[in-house]
Structure formats: C-alpha cells, structure tokens
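Chemist: What follows is a predicted structure for the sequence shown.
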Amino acid sequence: MKTSVSNHPSNASPVELGVALTITHHEGVRRSLRTAFGLSSRALNLRIDAGMDLIFLCETTLPGSLPCLASLTHPAVRAVMLRQATLSWVPDTGQGIGRGTPTLGALERGNCFLTANSRKVPIATFGPANVQPTRVDMELLGQPNLLEFLRSEWFTLEISGTNRRRLSRSLAFRIDLQFEVQMGASTATA
C-alpha cells in the first residue's frame, strides 16, 4: 500500500479575524515620564526626541480558541496564508469627519505583526499611498504559513508605525484579516 500527500487550496470559506484597536494620543508621553522620573519639562524636551510623538504602537493578545479560528484545529489543515489585511476607521459615536477629528488619514506608515511562542513575523505593511481617511488597504509581506501562530494558545496582533501629525485624541480603528486555508489530501493506493 502506498500513501501520498498533496497540498491544495481548500474550497472552504476563508477565515476572517476582525479586531478593534485604539491608538492613544501621544501628548501623555512626556507627562507620564515626568511623573515617573520627576523630570522638568525642559529636561524632558532635551532628552526626548520630538519624533517620539509621531510613533504609534498598539497590540492585543488573543486566544487561539477564538470561534472564528475553530476550523484551523482540523488535522487536515496544512497551511494558512494571509489573503487580505485592511484597517477601517471607527468614529466616535455621533461624530463625523471634521476639523480636529483623528481619522486614519493621520497615519503615515505602519506594519502588522503576529507574535506567538517567542516568534514574531511581519505579515503586512502600508505607506502614504495606501492611507485614506476611513480605510487603509495594507500590502501583504510574502506568503508565510501562519498556521502555528494562529493555532497557538495565545498570539499577539500588533500594528505599529508613524503618524503624519500628533494625535490630540485617541484614534479607534478595526483591523480585518482574511486568511486562505490550505488542506492536505491523503490518498491511498494499492
């Protein structure tokens, strides 16, 4: 009896993961350091690069047991590839785009990472050409197999990068990731 295994894309629906994140405003960077270290404003201005106010980092740790990832526990799943990554602006309740409203247009560039089991992999990126006020279509970075990241007990999703300008208020958005699942098909012949 001879057994062969071949990998092929499944006809199943893609796996979709949506996560709400918030970039907090950065005016508090200097204030929090002043409180923590007792430094004067003048000393902080000398010690902290003004560009720090234009750096953002937001991340969340998620369980691999999320219902949307349940299909990845099937033993025939061999690979999971990212197909699409988008950011969508989430406005404050009852607030449209207006003067001083932080939208995704405040972002300059950024990267998306997955981290699990002490391994970190970049999966998508965006630059000025991708940024619209209410949506950012990210560019995929290669086709790494993300199965072990998404199957782990916990994994971290990170978005980090730089702003075009300082944020005076928090910026809420949603990241939507769509994954293609590849199955392994076993055939037995005599």
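Modeler: Looks like it arrived, so ask away.
Chemist: Just give the number of residues close to A85.
Modeler: 23 (other Cβ atoms under 10 Å). All C-beta spots, glycine's among them, are computed from the backbone N, C-alpha and C.
Chemist: How much space separates it from I123?
Modeler: 7 Å (Cβ to Cβ, to the nearest Å).
Chemist: Kindly report the same for R109.
Modeler: 15 Å.
Chemist: which neighbours do A85 and I123 share?
Modeler: Common neighbours of A85 and I123 (criterion: Cβ atoms under 8 Å, 6 or more residues apart in numbering): C112, L140, L177.
Chemist: hang on, the earlier thing: between R109 and I123, tell me which one has more neighbours.
Modeler: Taking other Cβ under 10 Å, R109 and I123 do not tie; I123 has more neighbours (23 against 17).
Chemist: ok, that one - contacts?
Modeler: L82, A85, C112, F113, L114, L140, L141, P144, L146, L177.
Chemist: Quick check: which element contains it?
Modeler: I123 belongs to strand 119-126 when assigned by DSSP states H and E.
Chemist: CA atoms only: put that strand into CSV for me.
Modeler: Coordinates of each C-alpha in strand 119-126 appear next as CSV, following Å, rounded to 0.1, in the frame of the first residue of the first chain:
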residue,chain,number,x,y,z
ARG,A,119,8.4,34.2,17.3
LYS,A,120,7.4,37.4,15.5
VAL,A,121,6.6,37.6,11.9
PRO,A,122,5.7,40.7,9.8
ILE,A,123,2.6,40.0,7.7
ALA,A,124,1.5,43.3,6.1
THR,A,125,2.6,46.9,5.7
PHE,A,126,1.3,50.3,4.5
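Chemist: So which bits of it are buried?
Modeler: Counting neighbours by 16 or more other Cβ atoms under 10 Å, one finds that the buried residues in strand 119-126 are V121, I123, A124, T125, F126.
Chemist: circling back: and of the contacts of I123, the nearest to E59?
Modeler: Proximity of the contacts of I123 to E59 (Cβ to Cβ) peaks at F113, which lies at 8.2 Å.
Chemist: Tell me the pLDDT of the closest one.
Modeler: If you check F113, the pLDDT there is 97.
Chemist: now the helices: where do they sit in this structure?
Modeler: Taking DSSP state H, the helices of the chain run over residues 28-37, 41-47, 147-151.
Chemist: Give me the sheet partners of the longest strand along the chain and which way each runs.
Modeler: In the chain, taking DSSP state E as the definition, the longest strand is strand 171-189. Next to strand 171-189 in the sheet, as set by DSSP bridges, lie strand 2-9 (antiparallel), strand 15-23 (antiparallel), strand 77-89 (antiparallel).
Chemist: With distance to R164 as new columns, can those strands be given to me in a markdown table?
Modeler: Below are those laid out as a markdown table (distance: least, Cβ to Cβ, whole Å):
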| stretch | distance to R164 |
| --- | --- |
| strand 2-9 | 38 |
| strand 15-23 | 13 |
| strand 77-89 | 15 |
